[in-house]
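Enquirer: sequence and predicted structure below; questions after.
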Amino acid sequence: MVGEPEHTQNPWMDTEKSSAEEMGASHSQPHHSYNTSDVKLGFHERSLSAAGAAVLSAVLVNPLDVVKTRLQAQAAGVSHSHPLSNIISRMAFSGPNMMFADLRCSPSCTRAGLQGTVVICPPDCFQYRGTLDVFYKIIRQEGFARLWRGTNAGLALAIPTVGIYLPCYDIFRDKLEEYTTQNAPGLTPYAPLVAGSMARSLACTSCYPIELARTRMQAFKEIHSGKKPPGIWKTLVEVTSHVKSTNNLQNILQNYRVLWTGLGAQLARDVPFSAICWSTLEPIRRRLLSLVGEDSKAASVLGANFSAGFVAGSLAAAATCPLDVAKTRRQIEKDPARALRMTTRQTLMEIWRDGGMRGLFTGVGPRVGRAGPSVGIVVSFYEVVKYVLHHQYAT
C-alpha cells in the first residue's frame, strides 16, 4: 500500500453478531450492536478516515519500504555502485593529465584506496548484505533523509488508494452480505473476501502509475551531485520517453500502457494478500473484542484492531513475498519492449532460476516488518474514526 497499507472490516457488522452468539456473547453488548451502516456514514467521511490512516502509515513505514525495494532491485541485477565507477572499465586513470576522481562510497569511508589518480572503494562497499546493512549504507552513503525517498509518491498513492479501497470495501461488503443472506446464506462468510478483492483491484488500477513511480524512485541509488532527485512527474516522463519520436496513435497508446507495467503482478500479490489478511484478521479481532465485553471504548477498539492487523499483515506479507518480488522486478525493468512482453508467471520462473527459494523471498524481513505495523495502523485508525463518528451520530 500504501501498496502495500491495507485491509480492514467493520467490527460491528451484522455477521459478527451471529459469531458473537456462537461464542455465547449477548446481543446487548455495545461493540456488537453497533453497525455503521445504520449511522449513515457517507463515502466522504469514510474516505477521510481512511486517508488519515494512510498518511500516518506511509510516513512511519517508508524506510522499510525503501530497504525492501533496494534488496529486491539488487537481486534483479540493479547496480548500486557509484555512478562514475563504470569509467574504470573504459579509461586509464594513471595518466599524468587525468583529472583526479573520487569514487568513494561516502566521504567518510576509510576503506578507499588510491588507484592511479582515483580514490576508489572496494566493490562490497556498494553491495547490500541484508536489512541492517541497507539501513547503514543508505544513511552513510546517501544521508538519513534518503530513507524517506519516495514518501511524496507514497502519500500521493496512499491517500487515493486507501480512500477508494476502504469505503468501497465497506459498500461492496454490505451489498454482498445483503444479497447472500437473502439468496445464498452459505456464501455470506465469503463476502468480505470478494468485496476486498473487488475494492483492491479498483483502487490499484486507478492509482497504479504513482505506485510505479514510487518503486522506481526507491530502487535506484541517488548520489549527491548537487541536483534534486527526480520526483513523481519526472520519473513517469522518463518511463514514457522512449516513444515520443512518433505521433502514431497506436504507438502513443502503447507508450502510456507502459505506465501500467506490472499491474498484473501487483493484483496477483494483493488479491491473495487480502484473502490471507481478512481470514486471519477477523477471527483475532472478533475474539479480542469479545473479551472486552460491555466496556468497549475507543482504546479497546484501537488495541484490538491494531493487534489483529499486525498479526494478519505480517502473515500475509510473508506468504505473498514471491509475488512482491515479481512486482518489483517488473516495475524496474528498463527495456520497455521486454516489460510489456513479460508476464508474472515468466517473471517468477526467472526469479526461481536465478536465485531459487532465496530469490523468491528476497526482502521478506523488511516486507514483513513494514506490512505488520502498516496494516495495524490503517485498520485501527480507520475503525477508531468510524467508532467516534458513530457516537457523534448516536448523540
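Expert: Good, I have the coordinates.

Enquirer: just for the chain, where's the confidence low?
Expert: The chain contains residues with pLDDT under 70 at 1-47, 79-108, 110-119, 222-227, 242-255, 293-296, 390, 393-395.

Enquirer: where do the strands of it begin and end?
Expert: Secondary structure of the chain, counting by DSSP state E: strands at 101-103, 113-115, 118-120.

Enquirer: ok, the nearest residue to residue 53 once chain neighbours are set aside - how many residues close by?
Expert: Spatially, and ignoring its direct neighbours in sequence, residue 53 is nearest to residue 381 (3.6 Å; C-beta to C-beta, 6 or more residues apart in numbering). Placement of C-beta: from N, CA and C, glycine included. Neighbourhood size, residue 381 [other C-beta atoms under 10 Å]: 23.

Enquirer: and residue 145, how many neighbours?
Expert: When neighbours are counted by other C-beta under 10 Å, residue 145 registers 10.

Enquirer: mind starting the numbering at 28 from now?
Expert: Happy to do that; since the first residue is 28 now, the last one works out to residue 172.

Enquirer: mind checking how far it is from residue 230?
Expert: 29 Å (C-beta to C-beta, to the nearest Å).

Enquirer: now do residue 286
Expert: For residue 286 relative to residue 230 (C-beta to C-beta), the value is 16 Å.

Enquirer: more neighbours: those two, which one.
Expert: More crowded of residue 286 and residue 230, by other C-beta under 10 Å: residue 230, with 25 against 15.

Enquirer: could you measure from the more buried one over to residue 246?
Expert: Counting by C-beta to C-beta, the gap from residue 230 to residue 246 is 22 Å.

Enquirer: swap in residue 236?
Expert: Taken as C-beta to C-beta, the span from residue 236 to residue 246 is 16 Å.

Enquirer: residue 214: how many residues sit nearby?
Expert: Residues near residue 214, counting by other C-beta under 10 Å, number 14.

Enquirer: give the contact list for it.
Expert: Applying C-beta atoms under 8 Å, 6 or more residues apart in numbering, we find residue 214 in contact with residue 207.

Enquirer: next one: residue 258
Expert: Residues in contact with residue 258 (C-beta under 8 Å, 6+ apart) are 179, 180, 244.

Enquirer: out of those, who's nearest residue 304?
Expert: Taking C-beta to C-beta as the measure, residue 180 is the one of the contacts of residue 258 closest to residue 304, at 23.3 Å.

Enquirer: quick one: neighbours of residue 382, just the number.
Expert: Neighbour tally, residue 382, other C-beta under 10 Å: 15.

Enquirer: pretty sure it contacts residue 102?
Expert: Yes: the criterion here is C-beta atoms under 8 Å, and residue 382 meets it with residue 102 at 6.1 Å.

Enquirer: so what sits against both of the two?
Expert: Joint contacts of residue 382 and residue 102 (C-beta under 8 Å, 6+ apart) are residue 389.

Enquirer: go through stretch 297-305 and flag the buried ones.
Expert: 297, 298, 300, 301, 302, 303, 304, 305 (16 or more other C-beta atoms under 10 Å).

Enquirer: of those residues, closest to residue 197?
Expert: Residue 197 lies nearest to residue 305 out of those, by C-beta to C-beta, at 13.2 Å.

Enquirer: which residue is the nearest non-sequential neighbour of that closest one?
Expert: residue 219 (5.1 Å).

Enquirer: burial count for that neighbour?
Expert: Neighbours of residue 219 (other C-beta under 10 Å): 25.

Enquirer: just checking, it touches residue 307?
Expert: No: between residue 219 and residue 307 there is no contact under C-beta under 8 Å: 11.8 Å.

Enquirer: which residues touch residue 96?
Expert: By C-beta under 8 Å, 6+ apart, the residues touching residue 96 are 242, 245, 246, 355, 390.

Enquirer: now, which of those residues lie within helices?
Expert: When DSSP state H is applied, the contacts of residue 96 are split such that 242, 245, 246, 355 fall in helices.

Enquirer: need the contact list for the first one.
Expert: What that stands for is residue 242. Per C-beta under 8 Å, 6+ apart, neighbours of residue 242: 96, 177, 354, 355, 358, 359.

Enquirer: adding distance to residue 193, write the residues you listed out as CSV.
Expert: Shown next, in CSV, are the contacts of residue 242 (distance: C-beta to C-beta, whole Å):
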residue, distance to residue 193
96, 24
177, 22
354, 21
355, 25
358, 24
359, 29
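
Enquirer: give me the buried entries from these.
Expert: In those, the ones that pass as buried (16+ other C-beta under 10 Å) are 96, 177, 354, 355, 358, 359.

Enquirer: quick one: the helices in the stretch 278-422 of the chain?
Expert: 290-319, 325-346, 348-358, 363-368, 371-387, 391-421 (DSSP state H, counting those that start in this stretch).

Enquirer: ranking those helices by burial, who's on top?
Expert: helix 348-358 (a mean of 26; mean count of other C-beta atoms under 10 Å).

Enquirer: what lies in contact with that one?
Expert: 31, 95-96, 99-100, 102-103, 238-239, 242-243, 246, 288-289, 292-293, 295-296, 299, 344, 366, 369, 371, 374-375, 377-378, 386-391, 394-395.

Enquirer: any idea of the angle it forms with helix 325-346?
Expert: Relative orientation of helix 348-358 versus helix 325-346 (axes from the mean of the first three to the mean of the last three C-alpha atoms, to 10 degrees): 70 degrees.

Enquirer: now do helix 348-358: distance to the chain's middle.
Expert: Remark: helix 348-358 is offset 11 Å from the chain centroid, using C-alpha atoms, centre = their mean, to the nearest Å.

Enquirer: next, the angle from it to helix 391-421.
Expert: Angle, helix 348-358 to helix 391-421, by the same axes, to 10 degrees: 100 degrees.

Enquirer: alright, that wraps it up for me.
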